[in-house]
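K.L.:
Just to be clear, the model below is a prediction. Sequence and coordinates:
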Amino acid sequence: MLPRFVPHALGRRVPRSLAGLLVALAVLLTGCSSGSAVSATQATQASHAATASSVGRTSKATAAPAPAWARGMRTVEVSRLPPEARQTLALIDRGGPFPYARDGVVFGNFEGLLPTHRRGYYHEYTVRTPGSYDRGARRIVTGHNAEIYYTDDHYESFRAVLR
């Protein structure tokens, strides 16, 4: 037998540590593959679909066809919006007063998810989020031609609001 130069307890820890590192490396490499990116995209789409079902249906499920400005977008009927969003819509219809200083400011559409128009075309309004200590993520965005859009994920996605 060859003499051992590594203490007995340390000799056992090294192979276990090496095995742990190999497992971590395999998990990391598997997580970075293109197959995982597809599943992450599918998970995001499933999350958005779940949100849509809790707030409203798409235009395919509504009785009336979507207006031209809403074609190709998910839609939600006013009656299916959260009560706070309906309250915000009532304030918009009355012209205020609005509870947040930023209500009515120009919405830049920097995400590019709404139809492209000149700056100043869209305005945003906060939809109160119960339990939130700030403005939260929910907004209503209006356009100059009576378009109304709702987002509950801070501009990650929009639904055209049908009245």
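P.N.:
Thanks, I have it. All values derive from a computational prediction rather than experimental measurement. Residues are numbered from 1 along each chain as shown.
K.L.:
Counting neighbours, what do you get for the closest residue in space to Ala137 that isn't next to it in sequence?
P.N.:
Nearest residue to Ala137, sequence neighbours excluded (Cβ to Cβ, 6 or more residues apart in numbering): His154, at 3.9 Å. (C-beta placed from N, C-alpha, C; glycine too.) Neighbour count for His154, taken as other Cβ atoms under 10 Å: 12.
K.L.:
and what of Gly96?
P.N.:
Gly96, neighbours per other Cβ under 10 Å, totals 10.
K.L.:
Let me know whether my guess that it is in a helix holds.
P.N.:
No: Gly96: not assigned to a helix; according to DSSP: H, G, I helix; E, B strand; the rest coil it is coil.
K.L.:
returning to what we had before: you'd agree the residue nearest to Ala137 is up against Arg139?
P.N.:
Yes: if you go by Cβ atoms under 8 Å, His154 and Arg139 touch, sitting 7.2 Å apart.
K.L.:
Which of the helices and strands in the protein ranks last by mean pLDDT?
P.N.:
helix 34-55 (a mean of 39; mean pLDDT, DSSP states H and E).
K.L.:
Give me the next element, helix or strand, following that helix.
P.N.:
strand 75-77 (DSSP states H and E).
K.L.:
same question for that next one, mean pLDDT?
P.N.:
Taken as a whole, strand 75-77 carries a mean pLDDT of 93.
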